[in-house]
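J.: Just a sequence and a predicted model for now, questions to come.
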Amino acid sequence: MEIIGMIVVGFIVGLIARAVKPGNDRMGIIFTTLLGIAGSFLAGYLGQAMGLYTTGEPAGWIASVIGAVLLLVIVSLVRGRSHRVP
């Protein structure tokens, strides 16, 4: 049951990250979900390691969205470079 919850949270975080970041990010539902899950893991690990918050706090959601936005920017930069090469 935890896996299903993680997928749902990842999907929600991925959608919020795509809505926050300006520009057209062409990606499907699966990539959006994976982006949200990865952003949640990244922000959760870093935030808890630095002692900013613990599991279950609202700050974790905010950090997850910020982590997903950062990953989305990185993905956009990598995709942009590969499309510019003739």
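T.: Ah, there it is.
J.: mind listing what Leu71 touches?
T.: 17, 35, 38-39, 42 (CB atoms under 8 Å, 6 or more residues apart in numbering). Glycine gets a C-beta too; all of them are placed from N, C-alpha and C.
J.: Tell me, please, where in this structure the pLDDT is lower than the cut-off.
T.: Where the chain drops to pLDDT under 70, the residues are 1, 81-86.
J.: Name the nearest residue to the residue nearest in space to the middle of the chain, sequence neighbours excluded.
T.: Centroid-nearest residue in the chain, with CA atoms, centre = their mean: Ala68, separated by 2.1 Å. Nearest residue to Ala68, sequence neighbours excluded (CB to CB, 6 or more residues apart in numbering): Gly39, at 2.8 Å.
J.: Ok, Tyr53 next?
T.: Counting by CB to CB, 6+ apart, Ala59 is the residue found nearest to Tyr53 once chain neighbours are left out, at 4.1 Å.
J.: Also Ile7?
T.: Thr33 (6.1 Å).
J.: Since that was my last question, I'll sign off now.
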